[in-house]
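> have a look at this prediction, sequence included:
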Amino acid sequence: DPQERAFQERIDAGQKIEPKEWMPEGYRKTLIRQISQHAHSEIVGQLPEGNWITRAPTLERKAILLAKVQDEAGHGLYLYCAAETLGVSRDALYEQLHTGKAKYSSIFNYPTLSWADIGAIGWLVDGAAIMNQVPLQRCSYGPYSRAMIRICKEESFHQRQGYDILIKMMKGTPDQRAMVQDALNRWWWPSLMMFGPSDDASVHSAQSMAWKIKQNSNDELRQKFVNQTVPQAEYLGLTVPDPDLKWNEEKGGYDFGEPDWNEFFEVIAGNGPCNAERLGARRKAWEDGAWFRDGLTAHAEKAALRAQPVAAE
Amino acid sequence: DPQERAFQERIDAGQKIEPKEWMPEGYRKTLIRQISQHAHSEIVGQLPEGNWITRAPTLERKAILLAKVQDEAGHGLYLYCAAETLGVSRDALYEQLHTGKAKYSSIFNYPTLSWADIGAIGWLVDGAAIMNQVPLQRCSYGPYSRAMIRICKEESFHQRQGYDILIKMMKGTPDQRAMVQDALNRWWWPSLMMFGPSDDASVHSAQSMAWKIKQNSNDELRQKFVNQTVPQAEYLGLTVPDPDLKWNEEKGGYDFGEPDWNEFFEVIAGNGPCNAERLGARRKAWEDGAWFRDGLTAHAEKAALRAQPVAAE
Amino acid sequence: MVQATAMQAVVDRAALFDFLLGMGDNTLILGHRLSEWCGHAPALEEDIALANTALDLIGQTQLWLGLAGEVEGKGRSADDLAYLRDARDFRNLLLTERPNGDYGGTLMRQFLFDAWHYLALKGLRSSCEPRIAAIAEKASKEVAYHLERSRDLVIRLGDGTAESHARMQEALVDIWPYTGEMFVSAAHDLVLAAAGVAPEPENLKAEWHALAAETLRAATLEKPEDRYMHKGGKRGLHTEHLGYVLAEMQFLQRAYPGASW
Amino acid sequence: MVQATAMQAVVDRAALFDFLLGMGDNTLILGHRLSEWCGHAPALEEDIALANTALDLIGQTQLWLGLAGEVEGKGRSADDLAYLRDARDFRNLLLTERPNGDYGGTLMRQFLFDAWHYLALKGLRSSCEPRIAAIAEKASKEVAYHLERSRDLVIRLGDGTAESHARMQEALVDIWPYTGEMFVSAAHDLVLAAAGVAPEPENLKAEWHALAAETLRAATLEKPEDRYMHKGGKRGLHTEHLGYVLAEMQFLQRAYPGASW
């Protein structure tokens, strides 16, 4: 297909694809799946952190967390807009989320059980997200690439704030230090799983790489994350909960154990600690809010009608 | 009317009137009003105290409060049963409560703002209730009289428990003592109002006294309550919030100030701090529970049907 | 203030402290209520706007309570005041602690508060106490936006569908009896008004009513009569709801006394 | 127990402490949830019955946590354990901390718990540890009544109207994934089972399932398949709900440390 060939050549030449330009159906579908999954993750991701806003331990921490959650909702908005440029409405994407057809990042199916979890999410979850997202700034699809540039800037800010929570707690009381270690114990493996299974197990990877929707292999990014994170854990004075973790001088990186992929697939399939609650909360918000959205629509229609010139006296 | 005369003679002779016996309509109506008002007070009265069960400061206090609230619901049950002997159903009485036609003791329209309020309610509110109720043990209507005998026994137990909460707090920290004084400041006047306005202002009093539905005047009971309560306040080390309060040697009782009857009538009219919430909570409990009651009824009907002998093979 | 006699300064300090607590407690408690919505709002734009409003209010809390602590002069920080007082010492309006209700209830409460907040801050911008004027200056920019937004939504939902209209009217009737307290002068208000530190609450009433009336008319909602009005918040006599808010909000500071976060 | 070696005694003490916390935390947290209904139940008889059940559970909490404190030997009272631990140290089943839902949800949770509780206490009555056997003896009389009541109501509502049936079925489906944890043996359970102190949780499973199946059949409800089962409570890994329960429950003890009540 000459059209597809020309498309691939543009991508290979590093050109950006823009909304109104021709693109293969597979490219469009892959992008919609990936962008909407990312958008859903941002909005579901409000819930575990939102769980601690009302209990944040100081006014400053409360303000920082509010700002962060607000940013996440904003990221959701950019991403839904990016997806809309591909011809799918936000409501249609919500529908897919609410019926369980679309996924969101599985990590948000774990509960936030102490204030240290808020730090750990910033440090580890946002850290892993950045690792995934930085290459996406160079994604071949223009609107997605531009959204990622904005998002990455804010995410790295969030990651520093999360780490800062943990630094402060590690300088604190034994109870606080225990909370931090406990948070790392619970979030470490789910964070590693955020990169997805080994690429051998992933069907979409090769095509996505060719299309420059994806730029690095899952294992590559996971290795990079571990290499970056382990020294940070050590700096905090924490023990990474992986007995197989050790520095490998030869490869210039850490060797580490295999995440429990069984758990990963279970949680994706709906069998995680908070799946039902997260999805239930989003569905309820949507259903309870129907009257609100309908009200605004009705008002807009009335206003438009009033604004029309009167046809006949 | 000879029937009415005979009725009055029986009452004057100290005989009890029983459900199936003839009685004047006014007697029946007055009793229904009074008993149902009392029953409603017991169940609405669960709310201000229930507000502190989940926050009771020790397991023992929690257990005592649970037992007390359970007793109150039980009192409600006795009283609705006593009212039912007069030919009015519990559902009909609820209906009157929920539509605002029937009243309940106005004191439950005040909020419980600290743990000391739980002590103050036991001491003052139950104390005033007992003062009102002890004579009712000798009420001319048999079922009411017998219900009051059971109730009074439990109420005096509650009053001691309430006082005990305050003793413990007054032996405690300055914060605790301040809570107790604050509770007395807020509950003192509403407690005095529990006896109702001066009898001059009460239309029903004379007839009720003749029928032995009522045995003492409101002012008599209020005086008795003040005489009993002031030394208890002093024993606790509290200041009664009434600048006019002083011992009157001549009458062998305390002189005291006039409650703010304007506030009293306002609260009765619905304009108290918690009227809307108390009634709203009861209405909501009733409406939300409709499916439950309907389910039980339907099951009972099915069970009755199944128990019937089969008419034809 | 600078030329005040020693006696006056003492009186003013207590009055000023109470007043500042009131401002800070209003924003703290309402900010708390708004943040309960996090992730549960009816549209993504609303999640963003609510978080933004809550954030502004918490930021203002830091300023008001920070100044309150300074004025008190006992070394209490804004955090100490937010996290280590019990309900009886809170000075917020009862309106701010009311439960959220449905989203319409939250918006109606917000509009009625924003209108008052905006007018109060406008008056405070010309306070003779420069630190108050400075906070009011900053806050009033934020609050002007809050008001613009809540007012707009009240109008659109009031004049939306039959259901949205009914919900907004019900929300209005429910919350209205909590608006009177905004215009009741506590003892400290009179002292501060006399000293030119803060406007007298009573004096905001006419303008607030005009603003409310104009908005509710545009929203096709019926403005309730002023009948019984709840009060007590400014004297620390709250509804039964505040205790639960504080138990949740203060948990970490209470459970781990002295820890730094 | 008396003849145990010193080493064994130490191991047993830690296991025993964990076990007793589990028993006491179950009754404490479920008692808390039930008492949230106070004054809001759908019938006066239910208000009475719920308060009565909560009262029994709090009474049992005093016994279990009291004994836990003794066994621990660090001078902590039942109140200290109830009011001064954070969520991570609670050992209750996740089932007990689930929000109440509608009244059907509360009853279904209660029935499934009562059935387990009854069987567990039956086993504990023949514990070789006499203090445990004594508590179980007392508690099992109360719990037999709880079970009788919740079982009866589940049947009547399941086989009531179409609506009550649907609500009970939904409640059942919602809570079912929280039942598996009742039969999971923690390390301490195995130690205690081997020592004859407590039955192994796994061993209660068949009888519980039979009881549940028989009741649900009578209720015309469909027993869900055992699929994914939540767990973690026995290791202190709770749902996000427990933190809120504790913030409320522990407020006074946390806000006024050292005060007597």
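Structure's in. What do you need? Since we're looking at a predicted model, the values are computed, not measured.
> tally of neighbours for the closest residue to residue A:98 other than its chain neighbours?
Leaving aside its sequence neighbours, residue A:98 sits nearest to residue A:283 (CB to CB, 6 or more residues apart in numbering or on different chains; 5.0 Å). C-beta: built from backbone N, CA, C; applies to glycine. By the criterion of other CB atoms under 10 Å in any protein chain shown, residue A:283 has 15 neighbours.
> also the one 3 residues further on?
Residue A:286 is flanked by 18 other residues according to other CB under 10 Å.
> need the pLDDT of it.
Per-residue pLDDT puts residue A:286 at 97.
> convert the helix or strand it falls within to CSV, retaining C-alpha atoms only.
Assessed by DSSP states H and E, residue A:286 sits inside helix A:275-288. Extracted in CSV, the C-alpha atoms of helix A:275-288 (Å, rounded to 0.1, in the frame of the first residue of the first chain):
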residue,chain,number,x,y,z
ASN,A,275,-10.8,-2.6,41.5
ALA,A,276,-14.5,-2.8,42.5
GLU,A,277,-14.2,0.4,44.6
ARG,A,278,-12.3,2.4,42.1
LEU,A,279,-14.6,1.6,39.2
GLY,A,280,-17.6,1.8,41.5
ALA,A,281,-16.6,5.3,42.6
ARG,A,282,-16.1,6.5,39.0
ARG,A,283,-19.4,5.0,37.9
LYS,A,284,-21.3,6.5,40.8
ALA,A,285,-19.7,9.9,40.1
TRP,A,286,-20.8,9.7,36.6
GLU,A,287,-24.4,8.5,37.3
ASP,A,288,-24.9,10.9,40.2
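> got the angle between the next helix or strand after that helix and helix A:275-288?
Next helix or strand after helix A:275-288 toward the C-terminus (DSSP H and E): helix A:290-307. Interaxial angle of helix A:290-307 relative to helix A:275-288 (axes from the mean of the first three to the mean of the last three CA atoms, to 10 degrees): 30 degrees.
> so for helix A:290-307, what gets flagged as buried?
A:291, A:292, A:293, A:294, A:295, A:296, A:298, A:299 (16 or more other CB atoms under 10 Å in any protein chain shown).
> of all those residues, which comes closest to residue C:261?
residue A:292 (35.5 Å; CB to CB).
> right, and the closest one touches residue C:104 too?
Yes: taking CB atoms under 8 Å as the definition, residue A:292 is a contact partner of residue C:104 at 7.3 Å.
> who touches both of those two?
Here residue A:292 and residue C:104 share the contacting residues C:157, C:164, scored by CB atoms under 8 Å, 6 or more residues apart in numbering or on different chains.
> who's the closest spatial neighbour of the closest residue to chain C within the stretch 151-300 of chain A, skipping the chain neighbours?
Of all residues in the stretch 151-300 of chain A, residue A:289 sits closest to chain C, at 2.1 Å by CB to the nearest CB. For residue A:289, ignoring the flanking residues on the chain, the nearest one in space by CB to CB, 6+ apart is residue C:42 at 2.1 Å.
> how about residue A:284?
residue C:40 (7.4 Å).
> do the same with residue C:247
Using CB to CB, 6+ apart, the nearest residue to residue C:247 is residue D:251, at 4.0 Å.
> residues contacting that neighbour?
B:55, C:243, C:246, C:247, C:254.
> tally of neighbours for the closest residue to the third one other than its chain neighbours?
So the one you mean is residue C:246. Excluding its sequence neighbours, the residue lying closest to residue C:246 (CB to CB, 6+ apart) is residue C:87, at 5.8 Å. Look at residue C:87: counted by other CB under 10 Å, it has 22 neighbours.
> contact partners for residue C:198?
With CB under 8 Å, 6+ apart, residue C:198 has these contacts: C:19, C:123, C:124, C:127, C:132, C:189, C:192.
> likewise for residue C:213?
residue C:223.
> can you report phi and psi for it?
Taking degrees, to the nearest 10, you get phi -60, psi -40 for the backbone angles of residue C:213.
> thinking again about what came up before, tell me the spacing between the residue nearest to residue C:246 and residue C:198.
24 Å (CB to CB, to the nearest Å).
> do residue A:222 as well
Counting by CB to CB - residue A:222 and residue C:198 are separated by 58 Å.
> same check, this time on residue A:241
56 Å.
> and if you look at residue A:284?
Noted for residue A:284: a distance of 42 Å to residue C:198, by CB to CB.
> repeat that for residue A:300.
41 Å.
> so which helix or strand takes in residue 152?
By default, I'm working from chain A. Going by DSSP H and E, residue A:152 is part of helix A:142-170.
> right idea, wrong chain: chain C
Using DSSP H and E, residue C:152 falls in helix C:130-158.
> helices or strands up against that helix?
Packing contacts for helix C:130-158, counted by 3 or more CB pairs under 8 Å, 6 or more residues apart in numbering or on different chains; DSSP states H and E, involve helix A:290-307, helix C:44-72, helix C:103-124, helix C:162-175, helix C:205-218.
> pick the most deeply packed of those.
helix C:103-124 (a mean of 24; mean count of other CB atoms under 10 Å in any protein chain shown).
> please see if it touches chain A.
Yes: applying CB under 8 Å from any CB of the partner chain, one finds helix C:103-124 touching chain A at C:103, C:104.
> got the contact list for stretch C:65-73?
Contact with stretch C:65-73 is made by A:59, C:13, C:16-17, C:20-21, C:24-25, C:28, C:75-78, C:80-82, C:131-132, C:135, as judged by CB under 8 Å, 6+ apart.
> try stretch C:112-130
Identification of contacts with stretch C:112-130 by CB under 8 Å, 6+ apart yields C:1, C:16, C:26, C:30, C:93, C:95-96, C:132-133, C:135-137, C:139-140, C:143-144, C:146-147, C:150-151, C:175-176, C:179, C:182, C:195-199, C:201, C:203-204, C:207-208, C:211-212, C:215.
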